[in-house]
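Student: sharing a model prediction with you, sequence too.
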Amino acid sequence: MMLTINGLTKSFGGLTAVNEVDAVIEKGTITAVIGPNGAGKSTFFHLISGFHQPTKGSIQYNGSDITKTPPHKTAALGISRTFQTTHLFEQSTVIDNVLIGHRVRTKATIIDAIFRTKREKNEEKKCYEKAREMLDFVGLSHLENNPVHSITQEEQKRTAIALALATDPELLLLDEPAAGINPDETIELASLIKKIVRNGVTVCLIEHKMPMIMSLADHIIVLNHGSKIAEGTPEEIKNNPEVIKAYLGGEENVETG
Ligand SMILES: Nc1ncnc2c1ncn2[C@@H]1O[C@H](COP(=O)(O)OP(=O)(O)OP(=O)(O)O)[C@@H](O)[C@H]1O
C-alpha cells in the first residue's frame, strides 16, 4: 500500500473533526473522499499532508511513518496537494506561480540565490523547464505569461494542479478540484485527472460533484461527522443505505452538476 492510515483522529477542543479513521490508498488508483459539509474531509487532507498534527493514530507512507511529518517534508517525500481555494499569487504570471513547485526538488540555498551561483542558474533553468513541461501537460502553455488574476477559475485550477505536479509527486491530493467550474469544464478536468494517473501519479480527491466521482474513482471513502461510515467502489457507495441517509439527513444535497 502506498498510504496506510490507522485510527486517525483530530480534535479541535471538544470537536472531533476526524474520528478513528482507518484507510488505505493503493498505488496507481483514484480514491475519492466524500461526505456532507463539515464531515472532516479537508482536515483529513491536512493530516496526511502534515498541515495538522493528529491527536491520535498513524499514517504510513511507502512503509515510513509520516504521522508527524511537516508539509515541506511530506512534499519532499512525494505527497503534493492543492487547496480548496487556490493559493496562487494573483498578480504574478502563470509560469511564475508554477515555478515555485519544483523548488522543493532543488538544492540551491539563499546564498546561491544572492550571489547567482552556477548552481542557482542551473537550478533556475531546470525549474523553468519543469514548469513549462507541466503547463504543457495541463494545457496552459498559451497562458504562460498571463497574470493569474486575468485567467478563468478553471484555468486557475489547472495552474494549481501544474504547481502541485511540478514537485514531482507520487501522491497528489486534490481538494475540490471541480468546485466553482461548469459541467463541460468538469468533464475536461476529469480527463486531466485520468491523464495524471496514467502518468504514474496516484490521486486522492475530495469532491462534491457526484457524477465526476462516480466516473473517476476506483475507491470511495465516505466520512460523516468525522467518522468513516462506508467505503467501496462507486457502485457499492451509490447503493449504501448509510451513505444515502447521511446525505439526505444533512442540510446539503449532493451536487449533481
Ligand atoms: N482549525 C480548526 N479549528 C477548529 N475547528 C475546525 C478547524 N478546522 C476544521 N474545523 C471543524 O472541523 C469540522 C470538519 O471540518 P472540515 O473542513 O474538515 O470538513 P469538510 O468535510 O472538509 O467540509 P467542507 O465540505 O465544508 O469543506 C468542522 O466542524 C469544522 O468547523
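Tutor: That came through, no problem.
Student: nearest spatial neighbour of the residue of the stretch 51-200 of the chain found nearest the ligand, skipping sequence neighbours?
Tutor: Per C-beta to the nearest ligand atom, residue 84 is where the stretch 51-200 of the chain lies closest to the ligand, at 6.2 Å. (C-beta placed from N, C-alpha, C; glycine too.) The shortest distance from residue 84 to any non-neighbouring residue, by C-beta to C-beta, 6 or more residues apart in numbering, is to residue 175 (4.6 Å).
Student: how about the contacts made by that neighbour?
Tutor: Applying C-beta atoms under 8 Å, 6 or more residues apart in numbering, we find residue 175 in contact with 41, 42, 45, 81, 82, 83, 84, 205, 206.
Student: next up, the contacts around the third one.
Tutor: By C-beta under 8 Å, 6+ apart, the residues touching residue 45 are 33, 81, 173, 175, 204, 206.
Student: separation between it and residue 135?
Tutor: As judged by C-beta to C-beta, to the nearest Å, residue 45 and residue 135 stand 25 Å apart.
Student: now do the second one
Tutor: Residue 42 sits 27 Å away from residue 135, taking C-beta to C-beta as the criterion.
Student: neighbour count winner among the two?
Tutor: More crowded of residue 42 and residue 135, by other C-beta atoms under 10 Å: residue 135, with 24 against 19.
Student: so which bits of the helix or strand where that one lies are buried?
Tutor: Here residue 135, judged by DSSP states H and E, is contained in helix 118-138. Neighbour counts over helix 118-138 (16 or more other C-beta atoms under 10 Å) mark 119, 120, 123, 124, 127, 130, 131, 132, 134, 135, 137, 138 as buried.
Student: orientation of the helix or strand that that helix is followed by relative to helix 118-138 in degrees?
Tutor: Sequence order places helix 153-165 as the next helix or strand after helix 118-138, per DSSP H and E. If you take axes from the mean of the first three to the mean of the last three C-alpha atoms, to 10 degrees, helix 153-165 sits at 140 degrees to helix 118-138.
Student: as CSV, could you dump the C-alpha coordinates of helix 153-165?
Tutor: The C-alpha trace of helix 153-165 is given here as CSV (Å, rounded to 0.1, in the frame of the first residue of the first chain):
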residue,chain,number,x,y,z
GLN,A,153,-11.4,29.9,-12.4
GLU,A,154,-11.0,26.7,-14.3
GLU,A,155,-7.6,27.8,-15.7
GLN,A,156,-6.6,28.8,-12.1
LYS,A,157,-7.5,25.2,-11.0
ARG,A,158,-5.2,23.9,-13.8
THR,A,159,-2.4,26.2,-12.7
ALA,A,160,-2.7,24.9,-9.1
ILE,A,161,-2.5,21.4,-10.5
ALA,A,162,0.5,22.2,-12.6
LEU,A,163,2.1,23.7,-9.5
ALA,A,164,1.4,20.6,-7.5
LEU,A,165,2.7,18.4,-10.3
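Student: can you list contacts of that helix?
Tutor: 80-83, 86-88, 94, 97-98, 100-101, 131, 134-135, 137-140, 143, 148, 151, 172, 174, 177-178, 180-182, 185, 188-189, 192, 196, 201.
Student: residue 4 in helix, strand or coil?
Tutor: Under DSSP: H, G, I helix; E, B strand; the rest coil, residue 4 falls in the strand class.
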